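Visitor: here you go, sequence then predicted model.
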Amino acid sequence: MRQRNGFTLLETIIAIAIFMLVIGGMFQGFSFQSGVIQTSKQGTVATNLAQATVEEVLTKSYGSITSEPRVSFPSPNNEFEKEVIIEYLANVNGGLVVTGVDEEMKKVTVIVYYVEKGEEKKVQLVSLASKY
């Protein structure tokens, strides 16, 4: 019987098909991973912008802490917007309650909006400001 020194055409085609399936799966995984990274990046940027806004608001004097309407952050694409909501709080029976009267404590809510995959998302941070 004669010995074979190579692969048949059929064996080569099957090997190439298996190789292409493996490579295709890897590229699909990379594509998915890229989308996850972008989503995570936007959420992280929104959280950092919200934290910076909270810190900016809390550095103001108590009397100048006021609500701010929803506006775009200055950026090339205006992809993030922020809003600052101020509510007055009072200590009632050991708990904080929202009131309409300034009793020397304010609840500062910062909301940062952004669009992800065509859907509006938001990050919301809350802090307290006291007159004392």
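Guide: Cool, got the structure. Here the structure is a predicted model, which is why all the values come from computation and not from measurement.

Visitor: from now on I want contacts and neighbour counts done on CA atoms only, so please keep to that.
Guide: Will do.

Visitor: skipping adjacent residues, who's closest to residue 112 in space?
Guide: residue 82 (4.4 Å; CA to CA, 6 or more residues apart in numbering).

Visitor: tell me who's in contact with the one you found.
Guide: For residue 82, the contact set (CA atoms under 8 Å, 6 or more residues apart in numbering) comprises 50, 69-73, 110-113.

Visitor: quick one: pLDDT of residue 132?
Guide: If you check residue 132, the pLDDT there is 81.

Visitor: the residue nearest to it when sequence neighbours are not counted: how many residues sit nearby?
Guide: Closest residue in space to residue 132, ignoring its immediate chain neighbours: residue 104 at 7.8 Å, by CA to CA, 6+ apart. By other CA atoms under 10 Å, 14 other residues sit near residue 104.

Visitor: now residue 89: how far from residue 77?
Guide: The gap separating residue 89 from residue 77 is 37 Å, by CA to CA, to the nearest Å.
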